[in-house]
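J.: Need a 3D model of the sequence below.
(2 chains)
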Amino acid sequence: MSHQRVVYEVIIALVGRVLLTESMHPRDLLLQERLCPTMSAKGQLRRFENRAQLLRHISEETGTDIDTLWDEYEAQVE
Amino acid sequence: MGDDTDLDVSFAIDAETVSLSPIGEYQVLDLEGPVVIVGDASYRVVPVGEGSDASEDVRKLSVGEIRAALSELADNDDFQSIVDNCPTNTPLVYDDIDYLTRHLPTTSLQKCQKLSESTPFEKELLLQVAYVERQNSLVGHSDNVLEYYLEQRTEIAEKLRSADEIDSDVERSFFSYLLLASALIEELTTETVLNELFREEARLDSITEHVRSMGHAKRLEKLCDIQILTGGDHGSLVEVKERRNNLVHDAQKRAGLDELESRREVAQILEQTDRCASVLLTISGKNIESVIAKRGCEPYIEHAQSEAVADTITTWEQENPERLSRLHDCERATIEEIRWDTEESDPRNNITEGFTFDGFDDEELYEILMEFVGDASQAFLDRIDADANESNLDRFDFAVMMLLCADHRYEEIARWLDTDEKYVQRKENVIAWRASQFEKDLVEEIPRPEGPTWPSDTESDDQDGC
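T.: Down below sits the predicted model:
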């Protein structure tokens, strides 16, 4: 199985943030991320083509202000 | 042989507008839940109906335990087998797990259950991850080859323009180009055969293997049989295949580029090969956005431009707030209502709504407006891309539907989408009963196939065989 190896940062755990930096496969990243407490086993995986599409969707879904989401995005993205 | 003439090479694939989604750096963000960023695109799980909570047992795992389990999964053959049997897309209205458990063969589901017992992961989670893995492998492969192909195309074109004659440097570069072109064409051909001959519900791993083992010539023949490929394009694709085989298997021919003597001849081969790759990019659904943008039906264009303008305003509010304010403050502008004529190649000079130009002479504001519409037209293509991905139809059928709904003639649609008129007619039959509510909402009315469509006498005479 050919694996693309990537560098990542992932935030885990209910309390506090544990920062890991390691080369991992995207699947593993997703798997880890799906272990977040916010994860739901029910749903559809949806693809967004740009940041505005994504953040407008999240804002409509959760009611969170887009300015806040934009700042969060900026703060987290490498 | 020397050749001093100016060499103009024009390609069918526009490197600026072709949709490239190469495998990129993956990042995971927490934005009201997990989001995976891949290049410009992002993935997020969207709720369908009532959600269910994740297992408490899974949440209690330590980081060390998770990492150990992940390591085990990465090399697990059973897991890879589940991945190989996953579909590449699921219908919009269904929960992924509900769909996958009905889709996968019994043996794959049994492997999943077994794997769940031997790892800390619930079987539903394993299925979801396998599905993501399958999607990722599909998104990346041809797109990466396309990226390399375009780089190599640039290189050989530059060498050809700057060289006085065909030297060994040009020969090497051309050979590399031909190999990449062949790889891209073969990959896209396989994908198109799978899309056309094997509907999603039947596309298991054994089917994919079967298509791969058919051989490239057979796959091209099948695409010509069902008339998604025209007879002429089929012939050109066979020529590319034969040229590639000749150069690979015969060192003497390779050294002399199979008797191509002038730069002009090489340039013509480059253009023909690029045209073949372009056809496959279109009929595989990978390069349909610009055709839909120019020729799509009015209700859809209105929807997509409206969303694109909203996306652009969102972006400008963060990145260009001062310039956006200038537009908002201008009495001539109603930013949310800006629309443009999509049939023109440059949308910036064709604003049809949202701005009054009579007597307007503010050059600075004009520049801001042009920049805004430029960004909006890119967001417009992104929106078409997103809708095509979300559609219940595959991407090429989505494009055919959009053009059929605009009441274009079969022959026009066939020409713009690099396919045969017959194929468009057959798809009209299919779309009429397969389109979901998502597509119906986008176009308002799906065309009904009405009236017989016998071939004309001229058409029969001109028909190229496969």
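J.: And chain A, what are its domain boundaries?
T.: A:1-44, A:46-78 (automatic domain parsing).
J.: Could you tell me the least trusted of these?
T.: In terms of mean pLDDT, the lowest-scoring of the domains of chain A is domain A:1-44 (a mean of 37).
J.: So, low pLDDT: which residues of the stretch 351-466 of chain B?
T.: B:458-464 (pLDDT under 70).
J.: ok, which stretches of it are helices?
T.: Listed in chain order, the helices of the stretch 351-466 of chain B (DSSP state H, counting those that start in this stretch) span B:363-390, B:395-405, B:410-416, B:421-434, B:437-443, B:457-462.
J.: Next, the buried residues of the fourth one.
T.: This points to helix B:421-434. B:421-428, B:431 (16 or more other C-beta atoms under 10 Å in any protein chain shown). To be clear about C-beta, it is placed using only N, CA and C from the backbone, and glycine gets the same treatment.
J.: which one of those residues is nearest chain A?
T.: residue B:431 (22.6 Å; C-beta to the nearest C-beta).
J.: so what's that closest one up against?
T.: B:393, B:397, B:400-401, B:404, B:439, B:446-447 (C-beta atoms under 8 Å, 6 or more residues apart in numbering or on different chains).
J.: Considering the residues you listed, which possesses the most neighbours?
T.: residue B:401 (28 neighbours; other C-beta atoms under 10 Å in any protein chain shown).
J.: So for it, what's the nearest residue that isn't a sequence neighbour?
T.: residue B:431 (4.8 Å; C-beta to C-beta, 6 or more residues apart in numbering or on different chains).
J.: ok, now residue B:394?
T.: Closest to residue B:394 by C-beta to C-beta, 6+ apart is residue B:195, at 5.3 Å.
J.: near chain B, anything from the helix or strand containing residue A:70?
T.: Secondary structure assigned from DSSP states H and E places residue A:70 in helix A:66-76. Yes: remark: helix A:66-76 sits within contact range of chain B at A:66-67, A:69-70, A:72-73, A:76, by C-beta under 8 Å from any C-beta of the partner chain.
J.: Could you do stretch A:49-64 as well?
T.: Yes: contact of stretch A:49-64 with chain B (C-beta under 8 Å from any C-beta) involves A:49-58, A:61-62, A:64.
J.: From these, which land in strands?
T.: Using DSSP state E, no member of the residues of stretch A:49-64 next to chain B falls in strands.
J.: Distance to residue B:381 and neighbour count for these - can I get that in CSV?
T.: CSV is the format used below for these (distance: C-beta to C-beta, whole Å; neighbours: other C-beta atoms under 10 Å in any protein chain shown):
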residue, distance to residue B:381, neighbour count
A:49, 8, 25
A:50, 10, 23
A:51, 15, 22
A:52, 13, 26
A:53, 12, 25
A:54, 16, 24
A:55, 19, 27
A:56, 17, 20
A:57, 18, 17
A:58, 22, 23
A:61, 24, 13
A:62, 27, 12
A:64, 27, 15
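J.: For residue B:408, state which of these is nearest.
T.: For the residues of stretch A:49-64 next to chain B, the residue nearest residue B:408 by C-beta to C-beta is residue A:49; the value is 25.7 Å.
J.: The closest residue to the closest one other than its chain neighbours: what's it in contact with?
T.: Leaving aside its chain neighbours, residue A:49 sits nearest to residue B:382 (3.9 Å; criterion: C-beta to C-beta, 6+ apart). Going by C-beta under 8 Å, 6+ apart, residue B:382 touches A:49-50, A:53, B:308, B:311.
J.: any idea how far residue B:89 is from residue B:382?
T.: Separation of residue B:382 from residue B:89 (C-beta to C-beta, to the nearest Å): 19 Å.
J.: got the CA coordinates for stretch B:398-410 in CSV?
T.: The C-alpha trace of stretch B:398-410 is given here as CSV (Å, rounded to 0.1, in the frame of the first residue of the first chain):
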residue,chain,number,x,y,z
PHE,B,398,-23.8,16.8,-14.6
ALA,B,399,-22.3,18.8,-17.4
VAL,B,400,-24.4,17.2,-20.1
MET,B,401,-27.5,17.9,-18.0
MET,B,402,-26.6,21.6,-17.5
LEU,B,403,-26.2,22.1,-21.2
LEU,B,404,-29.3,20.1,-22.1
CYS,B,405,-31.3,22.3,-19.7
ALA,B,406,-30.0,25.3,-21.6
ASP,B,407,-31.8,24.1,-24.7
HIS,B,408,-28.6,23.8,-26.8
ARG,B,409,-28.7,21.5,-29.8
TYR,B,410,-27.3,18.0,-29.4
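J.: which residues make contact with that stretch from outside it?
T.: B:285, B:288, B:291-292, B:295-300, B:387-388, B:391, B:393, B:412-413, B:416-417, B:421, B:424-425, B:427-428, B:431, B:435, B:439, B:443-447, B:453.
J.: now stretch B:193-211: how far from the chain's centre is it?
T.: 18 Å (C-alpha atoms, centre = their mean, to the nearest Å).
J.: those strands in the stretch 251-400 of chain B, which residues are they?
T.: B:339-340, B:351-353 (DSSP state E, counting those that start in this stretch).
J.: Make TSV out of these and add distance to residue B:85.
T.: Converted to TSV, the strands of the stretch 251-400 of chain B look like this (distance: least, C-beta to C-beta, whole Å):
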stretch	distance to residue B:85
strand B:339-340	45
strand B:351-353	49
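J.: Out of the ones you listed, indicate the one that is most buried.
T.: strand B:339-340 (a mean of 22; mean count of other C-beta atoms under 10 Å in any protein chain shown).
J.: For that one, enumerate the helices and strands it packs against.
T.: Packing partners of strand B:339-340 (3 or more C-beta pairs under 8 Å, 6 or more residues apart in numbering or on different chains; DSSP states H and E): helix B:298-319, strand B:351-353, helix B:363-390.
J.: coming back round to it: tell me which strands and helices the helix holding residue A:70 is in contact with?
T.: Checking 3+ C-beta pairs under 8 Å, 6+ apart, helix A:66-76 ends up next to helix A:51-62, strand B:26-30, helix B:298-319.
J.: what is the orientation angle of that helix with helix A:51-62?
T.: 120 degrees (axes from the mean of the first three to the mean of the last three C-alpha atoms, to 10 degrees).
J.: could you dump helix A:66-76 to PDB, C-alpha only?
T.: Provided in PDB are the C-alpha atoms of helix A:66-76 (Å, rounded to 0.1, in the frame of the first residue of the first chain):
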ATOM      1  CA  ILE A  66     -17.900  34.000  10.300                       C
ATOM      2  CA  ASP A  67     -15.400  36.500  11.700                       C
ATOM      3  CA  THR A  68     -14.700  34.100  14.600                       C
ATOM      4  CA  LEU A  69     -14.400  31.100  12.300                       C
ATOM      5  CA  TRP A  70     -12.100  33.100  10.000                       C
ATOM      6  CA  ASP A  71      -9.800  34.000  13.000                       C
ATOM      7  CA  GLU A  72      -9.800  30.400  14.200                       C
ATOM      8  CA  TYR A  73      -8.900  29.200  10.700                       C
ATOM      9  CA  GLU A  74      -6.100  31.700  10.500                       C
ATOM     10  CA  ALA A  75      -4.800  30.800  13.900                       C
ATOM     11  CA  GLN A  76      -4.700  27.100  13.200                       C
END
